[in-house]
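Asks: Have a look at this fold, sequence not included:
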Ligand code: AMP
């Protein structure tokens, strides 16, 4: 499926973002509707629609996204944080370009809603 999402537009510089980290494989930027004092999204440059559609050859990239999520959390001064990947509409996914939420800066209840 062609990647025709808002995140593709951000990756291509067609719309702005508040960037916090970038490398050849991914981009991290602040969520436009933050759910906590710190709310950053880490997205792969290569479009993957969802974790549901990830395949074996995405293994290294997926690991990289998690390491960057931890790096960004530390960079933001977080010691405790939550990483979330919503997969599918029923789980809250609204943008169909894989992204890791990094959320922190306030107490986080469990279980999530
Ligand atoms: P999800 O609901 O897991 O698909 O997460 C999508 C996230 O993207 C939501 O938290 C939105 O607030 C966020 N979002 C949507 N558009 C933008 C944008 N232009 N810049 C930054 N974050 C965005």
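Replies: Great, that's in hand. These numbers come from a predicted model, not from an experiment.

Asks: what does the biggest strand by length in the chain contact?
Replies: Looking across the chain with DSSP state E, the single longest strand is strand 38-44. Residues outside strand 38-44 that contact it (C-beta atoms under 8 Å, 6 or more residues apart in numbering): 7, 10-11, 20-21, 25-31, 61, 65, 68-69, 72-73, 76-78, 81, 97-105. Glycine gets a C-beta too; all of them are placed from N, C-alpha and C.

Asks: Can you list which of these are found in helices?
Replies: 7, 10-11, 61, 65, 68-69, 72-73 (DSSP state H).

Asks: Can you pick out the most distant pair from those residues?
Replies: Greatest spatial distance in the ones in helices among the contacts of strand 38-44: 11 and 73, 21.5 Å, computed using C-beta to C-beta.

Asks: quick one: residue 8 and the ligand, what's the gap?
Replies: Residue 8 sits 11 Å away from the ligand, going by C-beta to the nearest ligand atom, to the nearest Å.

Asks: Spit out the contact partners of that residue.
Replies: Counting by C-beta under 8 Å, 6+ apart, residue 8 has contacts 47, 97.

Asks: Up against the ligand, what does the chain have?
Replies: By C-beta under 6 Å from any ligand atom, the residues of the chain that approach the ligand are 6, 17, 31-33, 41, 86, 92-95.

Asks: show me where this protein has strands.
Replies: Under DSSP E, the chain gives strands at 19-22, 26-30, 38-44, 82-84, 100-104.

Asks: Any chance you could list what contacts the first one?
Replies: The list of residues contacting strand 19-22 from outside it, by C-beta under 8 Å, 6+ apart, reads 27-30, 40, 42, 68, 71-72, 75-76.
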